[in-house]
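Trainee: here is the input, now give the coordinates:
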Amino acid sequence: MSIEHEEPGHGDSPAAWTAVVLMLIGMAAGTVAFFMHQPMIVLACAGLVVVGPLVGFIMSKAGYGVNGPKYVAKAHN
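Mentor: The predicted structure is shown next:
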């Protein structure tokens with residue numbers, strides 16, 4: 001007996017990609033600033049890491065999430 005269930009989408013949407021890219025940039029730049037002893041830049045980058053998920057959430061609510069009307073799924077080979 002097999003149970004059919006819908007795949008959750010794995011966050012492959014413009015909203016998810018934007019959130020992840022913002023957080024990656026924040027982490028990378030914050031790491032470099034930490035080693036260069038620039039505490040203000042480290043704090044700014046930490047803020048960018050916090051803003052990333054917020055931007056993803058806002059974009060998801062604006063329709064760019066996996067189930068949003070502005071999202072177009074791509075076929076996987």
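
Trainee: check what pLDDT the residue lying closest to residue 33 once chain neighbours are set aside gets.
Mentor: Closest residue in space to residue 33, ignoring its immediate chain neighbours: residue 41 at 3.7 Å, by Cβ to Cβ, 6 or more residues apart in numbering. Just so you know, the C-beta spots here come from the backbone N, C-alpha and C atoms, and that holds for glycine as well. We have a pLDDT of 97 for residue 41.

Trainee: where does residue 41 sit, in terms of helix or strand?
Mentor: Element membership for residue 41 (DSSP states H and E) is helix 39-59.

Trainee: that helix: how far from the chain's middle?
Mentor: Centroid separation for helix 39-59 versus its chain: 11 Å, with Cα atoms, centre = their mean, to the nearest Å.

Trainee: what's it packed up against?
Mentor: On a contact count with 3 or more Cβ pairs under 8 Å, 6 or more residues apart in numbering; DSSP states H and E, helix 39-59 meets helix 14-35.

Trainee: in the helix it packs on, what's buried?
Mentor: 14-16, 18-19, 22-23, 26, 29-30, 33 (16 or more other Cβ atoms under 10 Å).

Trainee: name the helices or strands packed onto that helix?
Mentor: Judged by 3+ Cβ pairs under 8 Å, 6+ apart, helix 14-35 is in contact with helix 39-59.
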